[in-house]
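**Q** Fold the following.
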Amino acid sequence: MKRYQTNTKAAKATSLDEDKAFYVKMDVRVNKEKPFTNPDFNQQMLADFMEVDLETFRQLVPRYKEADRTMDYIKSLRAEYAAKLLMEHSDYSIEDLASKCGFRNTEAFLSAFRFAYGITPTDYLNGMSQMFKKKVK
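**A** Presented below is the predicted three-dimensional model:
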């Protein structure tokens, strides 16, 4: 009986390692290729992007089993990308940022950005500008 339990634990550990490796691979690839800039990008498209069927995706990334949780991940990717663009192109309008990052409208963008960073994009840019000015002195 003990031998069976050990093998089961080893199988679970291997499965967890595979799940983690898939998630890391997914996160790296998604951040590199930025498919989330498509406003229609959703859980099914993420699974397709990773070349697995939806059920396999849900098994490999159990934290994103529900479509809503996957959309939270996608919105956070979009907000992170917006923060990056904001630092590189401080002249972009809110509408430009929202559009370039895959948000359908500015309200969705502002909501996701506030959720991710706790402040508005303008406050974020001002805070980062102040931080960089202090480092230069």
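**Q** ok, now which ones touch the spatially most central residue of the chain?
**A** In the chain, the residue lying closest to the centroid (Cα atoms, centre = their mean) is Leu77, at 3.1 Å. Leu77 makes contact with 30-31, 36 under the criterion Cβ atoms under 8 Å, 6 or more residues apart in numbering. Just so you know, the C-beta spots here come from the backbone N, C-alpha and C atoms, and that holds for glycine as well.
**Q** could you redo the last one with a cut-off of 7 Å?
**A** Contact analysis of Leu77 by Cβ atoms under 7 Å, 6 or more residues apart in numbering lists 30, 36.
**Q** Please tell me how far it sits from Glu55.
**A** Leu77 sits 23 Å away from Glu55 when distances are taken as Cβ to Cβ, to the nearest Å.
**Q** what do you get for Phe109?
**A** Phe109 is 31 Å from Glu55, by Cβ to Cβ.
**Q** Could you point out which residue ranges in this protein have low pLDDT?
**A** 1-16, 133-137 (pLDDT under 70).
**Q** Show me where it has its helices.
**A** 2-33, 43-49, 54-60, 67-88, 94-100, 106-117, 121-136 (DSSP state H).
**Q** can you pull the contacts of Met87?
**A** Contacts for Met87 (Cβ under 7 Å, 6+ apart) come out as Met128.
**Q** Got phi/psi on Met50?
**A** phi -90, psi 0 (degrees, to the nearest 10).
**Q** what about it, how many neighbours?
**A** The tally of other residues near Met50 (other Cβ atoms under 10 Å) stands at 18.
**Q** picking up where we left off before, same drill for Phe109 and Glu55, tell me which one is more crowded.
**A** Set Phe109 next to Glu55 and count neighbours by other Cβ under 10 Å: Phe109 wins out with 24 against 10.
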